[in-house]
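Coordinates for the following, if possible.
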Amino acid sequence: MEGERTTSQPPNFSREECLNLESALRHEWLETDGCGGYASSTILDCHTRKYHGLLSAPVATVNERQLFVSKVEPILLLGGKPFPLSTNKYPGVFHPTGHQYIESAAFLCHPEVTYRVGDVRLRRALLLVRGEHTLLLRFEVLSASSPVTLQLHLWLAFRNIHALTRQNMALRVRTFVHDTYNTIHPYEGLPPLFFDTMPATVFYPGPYWVHNVEYLKERARGFPYQEDLFCPGILEATLHRGNTLFLRATLQEPHAPIAKQWTREVTRRETRWDAFTDAPLPIRHLMVKGEDFVMTHPSGEPAILAGYPWFDAWGRDAMIAVPGLAYHCGFAAMAEPILQTFVSRRHHGVIPNFLAIDESHHAYNAVDTSLWMILALQRLAPLAKERPAFRQRWLPLITDLLHSYATGAVPNVACHSQGLLWTGSPDTQLTWMDAKDQGVPVTPRHGYAVEINALWFNALLFHRALALEAGLSIDGRLSQALDAMYTSFGTTFWLAESRALADVVNEHGGDPAIRPNQLFAVALPASPLSADQQEGVMEQIRTHLVTPYGLRTLAPNHPAYRKAYVGGPAERDAAYHQGTIWPWLIGAYVDAERRVATDWETTRTTLLRQFRPLFLEHPYIRGLGSVSEVFDAAPPHRPRGTIAQAWSVAEVLRAWHALHQTERS
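Sure, this is the predicted structure:
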């Protein structure tokens with residue numbers, strides 16, 4: 001599908017590729033700072049999303065992520081003639097067209113673009129400093145026969161990342177010039193921006209607004225797509241061949257030489273790259289960039305940011321992503337503290353599905369987050385240095401969470417006499433398939449949801465094993481529920497005619513729609529199904545749901561199936577779980593295939609070939625060095641949604657490594 005680039009190509013782009021606007025604007029890069037902030041754009045530095053920008057950060061005082069610096073526009077002055085190096089979209093036109101000067105672009109360690117104008121070659125690189133909200137840009141004159149003048153225009157947004165801004169009288173235009181840096185504080189309630197250069201440059205105050213900048217992807221998504229950006233003035237420097245100019249924009253008072261900050265951050269990244277060597281380059285890149293999702297919440301605690309550029313710290317996503325990030329991205333030591341961040345905010349037995357930036361209103365709009373957390377603990381248990389200490393830390397909590405489900409303390413959940421969990425009502429959407437259209441669930445799944453009950457069964461069995469190890473008695477209600485489910489799960493969900501599981505069972509009976517949720521009854525460490533039932537489920541999934549990029553959420557022969565995740569918000573919500581492919585499901589699929597395989601060597605070879613486009617091609621197609629949130633259900637399976645999704649990356653890595661284990665266990 002995405003064909004023009006192959007595994008042998010690192011994320012480098014030639015002049016010819018950059019001249020092709022339609023193709024080049026599909027490739028996006030991402031920088032993160034480990035504190036919830038990010039920078040992102042296309043490889044041409046032409047923004048196509050309202051989320052694109054060079055410095056964003058969460059701000060607790062307004063409980064929002066804000067975009068502060070949208071762009072830094074470089075202009076070369078040669079012989080008194082300006083040569084703008086950027087590219088922007090305005091109504092009816094791209095202007096300027098600086099992409100025509102791009103000689104090459106590389107996006108391995110950090111974004112780096114080389115421009116050629118006549119005999120002048122200028123390299124621009126940028127990065128965010130991990131651990132603080134600081135943007136660094138580096139301009140290096142590689143060749144020039146005479147001195148060149150470089151102007152830098154900072155375009156500021158100072159608005160919510162989900163919104164757009166327009167010229168207004170409330171913005172305070174004055175820039176304050178200090179001895180070694182400058183500051184501007186456009187709006188009350190938001191932090192000021194500090195900016196400086198090394199070596200020092202001349203700052204010419206000259207506030208102006210740039211009007212009607214357009215973002216093409218927002219227009220395609222059915223959202224407002226034009227805004228105005230503010231420039232406080234111009235930074236100007238004269239450079240010779242071999243000279244380097246640094247620019248820093250930060251939300252804290254500058255505290256270290258810019259060049260030293262740059263070198264320290266580049267060294268940190270090179271060290272991280274060196275830690276991951278035994279994999280093809282795209283997989284190594286995913287392992288290195290896994291750190292994009294591990295963040296320090298404004299509370300000071302570690303968390304997982306679900307996806308870029310528009311998601312925040314989501315509970316279910318974090319629980320699913322943590323094992324893959326821990327095992328394969330170097331964050332084993334942070335895994336349990338991340339879980340603790342969410343667990344410490346549990347309410348009525350449920351950990352939050354969303355962490356508020358300012359701690360005011362966490363969201364508990366999911367019934368399965370605690371069950372996913374118990375599965376995460378089960379997968380992380382082998383990492384514990386001392387098994388008894390691990391049990392001591394977590395067994396009381398697991399008991400408490402499961403007891404909340406069994407006794408009805410969890411809102412919208414009832415544990416019935418056959419041990420199964422009944423969740424929600426016709427007007428709620430509490431599973432991972434949670435899209436709504438005008439308040440109405442798109443995929444109604446109240447009742448006995450198959451994956452929730454598979455998670456419940458697995459959690460009960462894991463709890464029993466831990467309790468027996470510790471020599472503790474097991475709560476009677478939990479024991480009764482588990483014992484009952486050995487029989488009730490199969491009798492409730494098994495559809496003999498189709499040899500598959502009902503997706504949900506409620507007052508309307510069993511829903512026979514072929515969805516991937518039944519996969520978890522095979523894939524989890526404990527399965528309530530017979531070997532014959534497991535194979536029946538897998539045959540349906542292989543036939544209807546498996547694609548080179550993950551699993552469809554609905555079989556193509558279903559009347560509600562949608563081929564593409566396109567259109568405005570309502571159209572996309574209607575397709576979100578109605579066929580759209582989710583790559584995170586590949587982790588469970590590989591687990592399930594490993595369980596049912598009679599010849600694991602042949603199976604794993606087949607799966608590596610089948611998912612090669614996801615493993616080795618897609619990471620260098622859209623969000624460079626990452627995995628998208630979703631793909632269209634029908635060929636050519638175009639990537640959609642966020643450009644970098646935590647559970648997509650984590651589960652793709654978990655699947656890749658599982659397929660490189662020669663033993664089935």
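
By mean pLDDT, flag the weakest helix or strand of this structure.
Using mean pLDDT, DSSP states H and E, the weakest-scoring helix or strand in the chain turns out to be strand 436-437, at a mean of 89.

Return the list of helices and strands in contact with whichever strand or helix holds residue 648.
Assessed by DSSP states H and E, residue 648 sits inside helix 646-658. Packing contacts for helix 646-658, counted by 3 or more C-beta pairs under 8 Å, 6 or more residues apart in numbering; DSSP states H and E, involve helix 281-289, helix 315-328, helix 586-596. (Each C-beta comes from the backbone N, C-alpha and C, glycine too.)

I'd like to know how far residue 255 sits from residue 300.
19 Å (C-beta to C-beta, to the nearest Å).

Looking at the two, which is more packed in?
Between residue 255 and residue 300, counting by other C-beta atoms under 10 Å, residue 255 is the more crowded of the two (10 against 7).

Which of the three states applies to the more buried one?
coil (DSSP: H, G, I helix; E, B strand; the rest coil).

Residue 74 too?
strand.

I'd say it and residue 126 touch.
No - Residue 74 is beyond contact range of residue 126, at 11.1 Å (criterion: C-beta atoms under 8 Å).

so where do the strands sit in the stretch 401-550 of the chain?
413-415, 421-423, 436-437, 440-441, 448-449, 494-495, 500-501, 504-506, 509-510, 546-547, 550-552 (DSSP state E, counting those that start in this stretch).

sorry, that was for the stretch 151-300 of the chain
175-177, 182-184, 193-198, 202-214, 226-239, 244-250, 294-296.

Turn those into a markdown table, columns for mean pLDDT and distance to residue 325.
A markdown table is the format used below for the strands of the stretch 151-300 of the chain (pLDDT from 0 to 100; distance: least, C-beta to C-beta, whole Å):
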| stretch | mean pLDDT | distance to residue 325 |
| --- | --- | --- |
| strand 175-177 | 95 | 41 |
| strand 182-184 | 98 | 37 |
| strand 193-198 | 98 | 32 |
| strand 202-214 | 97 | 35 |
| strand 226-239 | 98 | 34 |
| strand 244-250 | 98 | 27 |
| strand 294-296 | 97 | 6 |
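
Which one, of those strands, ends up nearest to residue 53?
strand 226-239 (9.7 Å; C-beta to C-beta).

Within its sheet, name the partner strands of that closest one and how each one runs.
strand 148-160 (antiparallel), strand 202-214 (antiparallel) (DSSP bridges).

quick one, helices of the stretch 551-665 of the chain?
569-575, 586-596, 600-610, 612, 646-658 (DSSP state H, counting those that start in this stretch).

Quick check: which of the ones you listed is nearest to residue 55?
helix 646-658 (21.6 Å).

And the contacts of that closest one?
279, 283, 286-287, 289-290, 293, 304-307, 317-318, 320-325, 327-329, 582-591, 594, 611, 614-615, 626-629 (C-beta atoms under 8 Å, 6 or more residues apart in numbering).

Give me the mean pLDDT for that helix.
Helix 646-658 comes out with an average pLDDT of 98.

and the angle for it with helix 600-610?
If you take axes from the mean of the first three to the mean of the last three C-alpha atoms, to 10 degrees, helix 646-658 sits at 140 degrees to helix 600-610.

Buried residues of helix 646-658, list them for me.
Going by neighbour count (16 or more other C-beta atoms under 10 Å), the buried part of helix 646-658 is 646-658.

do stretch 518-528 as well
In stretch 518-528, counting by 16+ other C-beta under 10 Å, buried: 518-524, 526-528.

Quick check: the farthest pair among the residues you listed?
518 and 526 (15.4 Å).

what ranges of this protein fall below the confidence cut-off?
For the chain, the stretches flagged by pLDDT under 70 are 1-9, 664-665.
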